[in-house]
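Trainee: Can you look at this prediction? I've put the sequence above it.
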Amino acid sequence: MEHKSINLKLKIWRQSNSQTSGSFKTYTVNDVSTEMSFLEMIDVLNEKLISEGSEPIAFDHDCREGICGACSMYINGRPHGPMNETTTCQLHMRAFNDGETIVIEPWRANAFTVLKDLVVDRSSFDRIIQAGGFISVNTGNAVDANSLPIEKSKADASFAAAACIGCGACVAACKNSSAMLFVSAKVTHLALLPQGSPERKIRALNMVAQMDKEGFGSCTNTGACEAICPKGISIENIARLNKEYLMAGLTSEK
Amino acid sequence: MVDAKIPTGKLSEKWTDYKGHCKLVNPANKRKLEIIVVGTGLAGASAAASLGELGYQVKAFCFQDSPRRAHSIAAQGGINAAKNYQNDGDSIYRLFYDTIKGGDYRAREANVHRLAEVSANIIDQCVAQGVPFAREYGGLLSNRSFGGTQVQRTFYAAGQTGQQLLIGAYQALERQISLGNVKMFTRHEMHDLVIIDEKAKGIIARDLITGKLEKHSGHAVLLCTGGYGNVFYLSTNAMGSNVTAAWKAHKKGAYFGNPCFTQIHPTCIPVSGDHQSKLTLMSESLRNDGRIWVPKQKADERKSVDIPENERDYYLERRYPAFGNLVPRDVASRAAKERCDAGFGVGTSKQAVYLDFAAAIKRYGKIEAGKLALENSTDETIIKLGKEVVKEKYGNLFDMYEKITGENPYELPMRIYPAVHYTMGGLWVDYELMTNVKGLYCLGEANFSDHGANRLGASALMQGLADGYFVIPYTVGNYLADEIGTTNISVNHPAFEEAEKKVAERIQKLMEIKGTQSVESFHKRLGKIMWDKCGMARNATGLKEAIIEIQQLKKEFWQQVRILGSINEMNPELDKAGRVADFIELGELMCIDALNRAESCGGHFREESQTDDGEALRHDDKFMYVANWEYKGNHHWEMQKEDLNYEVVKPSQRSYK
């Protein structure tokens, strides 16, 4: 692959902690190789900041291969940047042009407090899972794995929903900061499997209740979440969640 | 001599006997006992959830913002289990044997046999939790092959097996959190182990948001903190993966076993430049269908697709006809290095070989055309159909390759090169997974136990979950049954105060250096020393040089490192500084261990010890032991051996030819 060097101007959100207000600061980085990943470009900037004696930019990142879901930033107003089905850590600088200005911000949502610079608190997602995103089976209770055949198409659809990495981009993309895509992916993953069936009603009701409690907004079906999801989680899951929720509400004995 | 407390009796009955006779803790007492679990990857999350289910009071810690992000999530290919669903001759014994042989006869028989025994339960448990493994059209589970084996025993969920297994364990953990059995501390890092009356009784943790130190007590401490491959700077590990918790325990007396045993994975995306911050693995499962080759002609500048078939050297198939492209990782990595060192490497750096799917695409395409009864179909149709099959099997891996390199692997062969991936070494543990410090356990990749000198593919997930779901719930009870008299452990005990003070002083000291060099620059320098002199091939001269260079680097680090910001705030640079300081000390020990082991085995290749045709040459008479290192103060360690006795398997020169 041919690579070249580009020069960039970056406008990055800086904020000391959750108690203070933040603002954009402008930086320049020169000689960025187009082979670099986006986060490696920020590494280069951070090394420059350290050598100049100013505090480096804090951002969440870990696996840098698109699966842990830690990285979380708007790049030019779009969660995870310009490429479809690509997390920030997998975005490479060949997607940008020489002389470009890039605006970088943390996720913006009431339920995601900014902790520092580009780092936000996404513990609300864990609490939604605690409300019902599991199958209640203790270790040691399981029967033979092949005792219950599962239709391949259902297993595949369940897997497609389970591919969610919990990054929060769906919330960040939504004008209402709704977490419906995240919640629906989990409800779908478990509802499509026979093992998840005994708890499917209570799961849908409890997870939605917790989502509301955390301060996420309502879904108005704009589809922005699906468009930016780095794992291509389908908005069909939201339709399924609505169905599960409605059925549970009508037929639940509680 | 170190005692591993292996139960007596026949190998295949040891674990059953142990479970039948170990001490139990009754439910009322379990409620009074607290267990600290550090790390929430596969081993930690499965342990914390299972112990919570049993009724213990569990406190779990992870440095990430959620337990779901532990690096187990990045495991791609699969998980082994001796289910024999394929009727291809698999059994507990064969999985045990393959693992022992794959580890080049440097693992403990009893532990490995237990691992093979519980492997089948893991698959059952995961399916019950809703892990969506790949299935056949009949609705039953699908399997594939991995390196070092001749059966199909690997269960998988596309190229995201680790993700799906971790989410299963994470959901079980979150359920226990909601039930109040587990208290979760995210964005927390363990900074020291607290020992009272020679037993592990707690930890000092740092809240990574506020920077405040916290004292946590428990009746047992479980370290499930993963491997230390990031000592090489460039590895397939996550950026945050570190050795700190294990290293602190080591400095408090826990032995470090076989630290030099590092796995260099053969199929990773090559380094593209100095900016590189990490390396990305391409799953070993790709070797099921991909063929590895280099040009027969040195420094061949032609494009891969322009090199005709008869001018390609499929060197693995040539050297190892029995296993071909599916030789174990250590063998495949060294073979790639050998070709590149000899001048046959490809790509701009010449530090790469091809992994080619053209043949597989054609083969699958023909099968599909046959299924559709498309007689006389054109090459174009066959290739189109074949690509669809390959996409179904490896789609996400191909996408990942394209994102990183900008090249389309459906059209051009991938370029791959070995990279640091896994560390077989770790804290020494006995049969019960307890370190030599009473009450301190170590699970998963963080311990040294099951993989010997080389781990087979799809065995890390198996071990992490075996330890957490099926081993620790029994063995920790055997210890805690004698601890029920110990009621609340006060965090005001002098041992806690002392440990907290020392941690605070070290952090203060780091901040006060105010030098000129970034933490990152030291980490890169350490990585270069380790890769050049303690990497895929090692020799005595290089290792001796490395030890001196690392000692020098340590001195410089403590005089020159620059950390901005302050202590009582979120400060990722400070977090990283503490980890790199520990990696530097570990690097020295790894070189000492590699120097001591004057033989080649598994991933540890000493250039002085090879056969005439360049294969690793073991010296069982001198080195059939676990080298455990006891910390004796700055730059000093003493070795405590555990001899390995093979009662069932007869060690032989490993051959995959």
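Mentor: Thanks, I have the structure now. Because the structure is predicted, anything quoted here is derived from the model rather than measured.
Trainee: which residues does residue B:561 bridge with?
Mentor: residue B:517 (DSSP bridges).
Trainee: Near chain A, which residues of the stretch 451-600 of chain B? Just list them.
Mentor: For the stretch 451-600 of chain B, the residues in contact with chain A (Cβ under 8 Å from any Cβ of the partner chain) are B:469-470, B:473, B:518, B:520-521, B:562, B:564-565, B:569-570, B:572-573. The C-beta positions use only the backbone N, C-alpha and C, and glycine is treated the same way.
Trainee: Which of the residues you listed has the largest number of neighbours?
Mentor: residue B:469 (26 neighbours; other Cβ atoms under 10 Å in any protein chain shown).
Trainee: quick one, longest helix in chain B?
Mentor: helix B:379-405 (DSSP state H).
Trainee: Tell me the helices and strands packed up against that one.
Mentor: helix B:358-371 (3 or more Cβ pairs under 8 Å, 6 or more residues apart in numbering or on different chains; DSSP states H and E).
Trainee: Would you indicate which residues of the strand or helix carrying residue B:101 are buried?
Mentor: In this structure, residue B:101 sits in helix B:92-102 according to DSSP states H and E. Neighbour-count burial for helix B:92-102 flags B:92, B:94, B:95, B:96, B:97, B:98, B:99, B:100, B:101, B:102 (criterion: 16 or more other Cβ atoms under 10 Å in any protein chain shown).
Trainee: cool, and stretch B:336-346?
Mentor: Those would be B:336, B:337, B:339, B:340, B:344, B:345, B:346, for stretch B:336-346 by 16+ other Cβ under 10 Å.
Trainee: So which of the residues you listed sit within helices?
Mentor: Going by DSSP H, the helices hold B:336, B:337, B:339, B:340 from those.
Trainee: now, the most widely separated pair of the residues you listed?
Mentor: Greatest spacing in these, by Cβ to Cβ: B:337 and B:339 (7.5 Å).
Trainee: what residues are up against the nearest residue to residue A:203 once chain neighbours are set aside?
Mentor: Excluding the flanking residues, the one nearest residue A:203 by Cβ to Cβ, 6 or more residues apart in numbering or on different chains is residue A:132, at 4.0 Å. The contact partners of residue A:132, taken as Cβ atoms under 8 Å, 6 or more residues apart in numbering or on different chains, are A:199, A:202, A:203, A:204, A:205, A:206, A:207, A:210.
Trainee: As CSV, those with pLDDT and distance to residue A:69 would be great.
Mentor: Output for these, formatted as CSV (pLDDT from 0 to 100; distance: Cβ to Cβ, whole Å):
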residue, pLDDT, distance to residue A:69
A:199, 97, 24
A:202, 97, 26
A:203, 98, 21
A:204, 98, 23
A:205, 97, 26
A:206, 98, 23
A:207, 98, 18
A:210, 98, 19
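Trainee: and which of these is nearest to residue A:67?
Mentor: Of the contacts of residue A:132, the one sitting nearest to residue A:67 (Cβ to Cβ) turns out to be residue A:207, at 22.9 Å.
Trainee: What helix or strand is the closest one located in?
Mentor: Using DSSP H and E, the element containing residue A:207 is helix A:200-213.
Trainee: right, is the helix or strand following that helix up against chain B?
Mentor: Once the chain leaves helix A:200-213, the next helix or strand it forms, by DSSP H and E, is helix A:224-228. No - using Cβ under 8 Å from any Cβ, we find that helix A:224-228 stays clear of chain B, coming within 15.9 Å at best.
Trainee: ok and the following helix or strand past helix A:224-228 relative to helix A:200-213, angle-wise?
Mentor: Using DSSP H and E, the helix or strand that follows helix A:224-228 in sequence is helix A:236-251. In terms of direction (axes from the mean of the first three to the mean of the last three Cα atoms, to 10 degrees), helix A:236-251 departs from helix A:200-213 by 110 degrees.
Trainee: where do the helices sit along the stretch 51-200 of chain A?
Mentor: A:123-130, A:152-162, A:169-173, A:180-191, A:200-213 (DSSP state H, counting those that start in this stretch).
Trainee: would CSV of those with distance to residue B:358 be doable?
Mentor: Below are these laid out as CSV (distance: least, Cβ to Cβ, whole Å):
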stretch, distance to residue B:358
helix A:123-130, 42
helix A:152-162, 27
helix A:169-173, 36
helix A:180-191, 36
helix A:200-213, 45
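Trainee: Mind putting the ones you listed into CSV with distance to residue B:176 and mean neighbour count?
Mentor: Formatted as CSV, the helices of the stretch 51-200 of chain A follow (distance: least, Cβ to Cβ, whole Å; neighbours: other Cβ atoms under 10 Å in any protein chain shown):
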stretch, distance to residue B:176, mean neighbour count
helix A:123-130, 9, 22
helix A:152-162, 20, 19
helix A:169-173, 26, 27
helix A:180-191, 17, 27
helix A:200-213, 16, 20
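Trainee: re earlier: closest to residue A:164 among the contacts of residue A:132?
Mentor: Using Cβ to Cβ, the contacts of residue A:132 come closest to residue A:164 at residue A:207, 13.2 Å.
Trainee: Which neighbouring residues are in contact with residue 171, exactly?
Mentor: Just going to use chain A. A:107, A:109, A:111, A:112, A:177, A:178, A:179, A:182, A:216, A:225.
Trainee: meant chain B actually
Mentor: Residue B:171 sits in contact with A:129, A:133, A:134, A:135, B:129, B:130, where contact means Cβ under 8 Å, 6+ apart.
Trainee: Surely residue B:478 is in a helix?
Mentor: Yes - counting by DSSP: H, G, I helix; E, B strand; the rest coil, residue B:478 is located in a helix.
Trainee: Leaving out chain neighbours, which residue sits closest to it?
Mentor: For residue B:478, the closest residue by Cβ to Cβ, 6+ apart turns out to be residue B:22, at 4.1 Å.
Trainee: Does the one you found touch residue B:477 like I think?
Mentor: Yes - between residue B:22 and residue B:477 there is a contact at 6.6 Å, judged by Cβ atoms under 8 Å.
Trainee: ok, those two, which is more surrounded?
Mentor: Between residue B:22 and residue B:477, counted using other Cβ under 10 Å, residue B:477 has the larger neighbour count: 20 against 16.
Trainee: Now the closest residue to that one other than its chain neighbours: phi and psi?
Mentor: Closest residue in space to residue B:477, ignoring its immediate chain neighbours: residue B:25 at 5.0 Å, by Cβ to Cβ, 6+ apart. For residue B:25, the backbone dihedrals are phi -120, psi 130 (criterion: degrees, to the nearest 10).
Trainee: Residue B:289 versus the closest residue to residue B:365 other than its chain neighbours, what's the distance?
Mentor: Leaving aside its chain neighbours, residue B:365 sits nearest to residue B:386 (2.9 Å; criterion: Cβ to Cβ, 6+ apart). In this view, residue B:386 and residue B:289 are 10 Å apart by Cβ to Cβ, to the nearest Å.
Trainee: circling back: may I see the ones in helices among the buried residues of stretch B:336-346 organised as TSV, with pLDDT added?
Mentor: Converted to TSV, those look like this (pLDDT from 0 to 100):
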residue	pLDDT
B:336	96
B:337	93
B:339	95
B:340	95
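Trainee: List just the nearest of the residues you listed to chain A.
Mentor: Proximity of these to chain A (Cβ to the nearest Cβ) peaks at residue B:340, which lies at 19.4 Å.
Trainee: residues in contact with the closest residue in space to the closest one that isn't next to it in sequence?
Mentor: Once flanking residues are discounted, residue B:340 sits nearest to residue B:351: 5.5 Å by Cβ to Cβ, 6+ apart. Taking Cβ under 8 Å, 6+ apart, we find residue B:351 in contact with B:270, B:271, B:340, B:345, B:417.
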